[in-house]
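A.B. asks: pasting the sequence and the predicted model now:
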Amino acid sequence: MPQYHVVPGKSVFYSSAATPIMTREAIDGNESNHRSARPQEGEDLPRSPSCDKKKMSESINLIGGKFGRWKILQLVGTNKCGKRLCVCRCGCGNIKTLVLSNVRNGHTKSCGCFRNEMTSKRSFKDLARKKFGKLTVQRLSGKKRRSNYLWVCLCDCGREAIASSTNLLTGETKSCGCLNKEMVHDRCFKDLTGKRFGRLEVQRYTGKNKHKQSLWLCICDCGIETTVASNLLTGHHTQSCGCLRREQLRLARTTHNRSGTSEYETWGGMIKRCRNPKTKGFNNYGGRGIKVCDRWLHSFENFFADMGEKPEPKRHYSLDRYPDVNGDYEPNNCRWATRKEQMANTRPYVALREIALLRKRIAELTGGGIEPKISTM
């Protein structure tokens, strides 16, 4: 086999027979071709078909496999570091994308639920049938917030409440909420016994209503007993058993509060005699021009203010037009008169008195001195 050597200062190789084999440029070109045939950085090495089949079968075998609490669902390529990724589902139901190597070597066993369970088991305390304030623990509710367990508790008031183990052990929760309401009620409670609100006088405390308001037994000025809440008393919303409101409504519906009295009936009869042709006796009053003044026609209050009440006994007095029996009904021509005074003020008696006065005047003028015997009543 020929030996090759390089002559110093020459650009060609020579054999022992001094036959030139190849130049340096040719050698350098062969080296560059050899380097270009190598895979560049980041490129996969060429694999044989047998190697690819082995890798594919291995990937297929990993799908559906279980590693800890993880179950591989799908292979999804590589990350930026070139590591293979897979989609896995935890035993608790969470789904995450993880590095395949971390799943296979057991570095990642769950989504974090396994660690939480181990921590909870170490810190778990059974509080069943224990009492904390007004709460008696019945059972575990099956729910938890982080590592803090929730318990179903029965309050002394009969209501159920859910409380965490931390709040029970530290004393932060002592009832379903009724204890706080009782404390607020005790601080705000005021004894109203003996106090007076409007027509009501408070007698004693009787308990609470369904809204947890204090109830008080009160007696009204009218003699009726009633039970009233404290807020209605102190807020002046209730001042009687109901009699005050009835009186106020009755006053609101009335104008003079004299309906049905003898004076009111006399006023109504006066207007009918003068204005209603169908009234008995209309011909002796409105039929011959007698009227009611405007002050009395539309206001009973004005009539009562001018005439006042009838003298006692009222059944013996009536309204009389005096001194002018033919005049209108007006303040200056009316009076309360008895039956005897009424008869003396009728038109026949007035006419007889006028005739008697005329005869007396004639006798005085003639000197006869005759006195007519006519009763003037």
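C.D. replies: Sure, I can see it.
A.B. asks: for the rest of this, base every contact and every neighbour count on C-alpha atoms.
C.D. replies: Will do.
A.B. asks: partner strands of the strand ranked longest in the chain and their direction?
C.D. replies: For the chain, the strand reaching the highest residue count under DSSP state E is reported as strand 135-145. Each strand pairing with strand 135-145, determined using DSSP bridges, is listed with its direction: strand 131-132 (antiparallel), strand 148-155 (antiparallel).
A.B. asks: the most centrally placed residue in the chain in helix, strand or coil?
C.D. replies: Geometric centre of the chain, nearest residue: His211, 14.6 Å, by C-alpha atoms, centre = their mean. Three-state assignment for His211 (DSSP: H, G, I helix; E, B strand; the rest coil): coil.
A.B. asks: next: Leu319.
C.D. replies: Of the three states, Leu319 takes strand according to three-state DSSP.
A.B. asks: mind starting the numbering at 52 from now?
C.D. replies: I'll keep to 52 as the first residue from here, and by that count the last item is Leu370.
A.B. asks: residue contacts, it?
C.D. replies: Applying C-alpha atoms under 8 Å, 6 or more residues apart in numbering, we find Leu370 in contact with Thr317, Cys385, Arg386, Trp387, Ala388.
A.B. asks: again, but for Phe175
C.D. replies: Residues touching Phe175, when contacts are defined by C-alpha under 8 Å, 6+ apart, comprise Tyr200.
A.B. asks: doesn't Trp347 lie inside a helix?
C.D. replies: Yes. In this structure, Trp347 lies within a helix as judged by three-state DSSP.
A.B. asks: show the contacting residues for it.
C.D. replies: Each residue near Trp347 by C-alpha under 8 Å, 6+ apart is listed here: Asn353, Phe354, Glu381.
A.B. asks: only whichever of those residues are buried, select them in PyMOL.
C.D. replies: The command below creates a PyMOL selection of those among these that count as buried (16 or more other C-alpha atoms under 10 Å):
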select buried, resi 354+381
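A.B. asks: which residues of the stretch 152-301 of the chain fall in strands?
C.D. replies: Listed in chain order, the strands found in the stretch 152-301 of the chain under DSSP state E, counting those that start in this stretch are 182-183, 186-196, 199-206, 211-215, 247-248, 251-259, 265-271, 276-280.
A.B. asks: need those in JSON lines with mean pLDDT, can you?
C.D. replies: Conversion of the strands of the stretch 152-301 of the chain to JSON lines gives the following (pLDDT from 0 to 100):
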{"stretch": "strand 182-183", "mean pLDDT": "92"}
{"stretch": "strand 186-196", "mean pLDDT": "81"}
{"stretch": "strand 199-206", "mean pLDDT": "88"}
{"stretch": "strand 211-215", "mean pLDDT": "89"}
{"stretch": "strand 247-248", "mean pLDDT": "93"}
{"stretch": "strand 251-259", "mean pLDDT": "92"}
{"stretch": "strand 265-271", "mean pLDDT": "93"}
{"stretch": "strand 276-280", "mean pLDDT": "94"}
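A.B. asks: flag the shaky bits of the chain, pLDDT-wise.
C.D. replies: 52-111, 170-174, 194-198, 236-239, 399-405, 419-428 (pLDDT under 70).
A.B. asks: pretty sure Asn260 is touching Leu266, no?
C.D. replies: Yes. The pair Asn260 and Leu266 qualifies as a contact (C-alpha atoms under 8 Å) at a distance of 6.8 Å.
A.B. asks: the more surrounded of those two?
C.D. replies: Counted by other C-alpha atoms under 10 Å, Asn260 and Leu266 do not tie: Leu266 has more neighbours, with 19 against 11.
A.B. asks: contact partners for that one?
C.D. replies: Shown in contact with Leu266 (C-alpha under 8 Å, 6+ apart): Tyr256, Thr257, Gly258, Lys259, Asn260, Thr278, Val279, Ala280, Ser281.
A.B. asks: with distance to Asn377 added, can I get those residues in JSON lines?
C.D. replies: Conversion of the contacts of Leu266 to JSON lines gives the following (distance: C-alpha to C-alpha, whole Å):
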{"residue": "Tyr256", "distance to Asn377": "72"}
{"residue": "Thr257", "distance to Asn377": "72"}
{"residue": "Gly258", "distance to Asn377": "74"}
{"residue": "Lys259", "distance to Asn377": "74"}
{"residue": "Asn260", "distance to Asn377": "73"}
{"residue": "Thr278", "distance to Asn377": "64"}
{"residue": "Val279", "distance to Asn377": "64"}
{"residue": "Ala280", "distance to Asn377": "67"}
{"residue": "Ser281", "distance to Asn377": "68"}
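A.B. asks: scan these and report the most crowded one.
C.D. replies: Neighbour counts for the contacts of Leu266 (other C-alpha under 10 Å) peak at Val279, which has 23 neighbours.
A.B. asks: shouldn't Val380 be in contact with Ile341?
C.D. replies: No, residue 380 isn't Val; it's Tyr. Yes. In this structure, Tyr380 is within contact of Ile341 by C-alpha under 8 Å, at 7.4 Å.
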